[in-house]
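>>> Make a model of this:
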Amino acid sequence: MALRRLFQLSSVLRSAVALTLRRNVGLSAVAFVRVKDLDPVQKLFLDKIRDYNSKSAASGGVVDGGPAYQKKVSEEVSRLQRLYGDGDLTKFPAFKFPDPKLDEAAPK
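All right, here's what the predicted structure looks like:
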């Protein structure tokens, strides 16, 4: 009786381990794909992104910006400052949410 129970448990355990290994191998195969195995379109896309990143780092900003681009950016910044008030538009605004005073709201 105990031997039969042990064989049933081992077959259940074996199938669970096989299923887990099959799923994990399928998922990890996608994660370990090498660059040489990429689709040619994906490889071209990644090469262009890396090329733009290196050009952007070398120029210190937008690639092929030029003076016309800088003029347009400064005009837009001045327009936004006129519309929304002065301040630094390159920083994210800091929000302050004070905690409500609960003692004042409770009736006495």
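>>> ok, now how distant is Asp103 from Arg4?
To Arg4, Asp103 is 70 Å away according to CB to CB, to the nearest Å. Placement of C-beta: from N, CA and C, glycine included.
>>> I should have written Ser54 there, sorry.
67 Å.
>>> Same check on Thr20?
From Thr20 over to Arg4 (counting by CB to CB), the distance is 25 Å.
>>> Val12 is in what secondary structure piece?
helix 2-31 (DSSP states H and E).
>>> Could I get the average pLDDT for that helix?
Helix 2-31 carries an average pLDDT of 70.
>>> try stretch 45-65
pLDDT averaged over stretch 45-65 gives 88.
>>> same deal with stretch 96-108?
Mean predicted confidence for stretch 96-108 is 74.
>>> in this structure, which spans are helices?
Using DSSP state H, the helices of the chain run over residues 2-31, 40-59, 66-84, 102-105.
>>> And Ser54 and Arg4? Which one has more around it.
Taking neighbours as other CB atoms under 10 Å, Ser54 and Arg4 compare with Ser54 leading, 11 against 8.
>>> With the flanking residues excluded, which residue is spatially nearest to Val62?
Sequence neighbours aside, Tyr69 is the residue nearest to Val62 in space, at 6.6 Å (criterion: CB to CB, 6 or more residues apart in numbering).
>>> Sorry, slip of the keys, the one I care about is Gly65.
For Gly65, the spatially nearest residue (CB to CB, 6+ apart) is Ser59, at 7.5 Å.
>>> can I assume the one you found is in contact with Asn53?
No: if you go by CB atoms under 8 Å, Ser59 and Asn53 don't touch, sitting 11.2 Å apart.
>>> The chain - how does it break down into domains?
Following automatic domain parsing, one gets these domains for the chain: 1-32, 34-63.
>>> re the thing from before, for the residue nearest to Val62, the count of nearby residues, please.
Quick note: Tyr69 (other CB under 10 Å) scores 12 neighbours.
>>> Kindly report the same for the one 3 residues further on.
Applying the criterion other CB under 10 Å, we find 12 residues in the vicinity of Lys72.
>>> swap in Phe92?
Using other CB under 10 Å, Phe92 is surrounded by 6 other residues.
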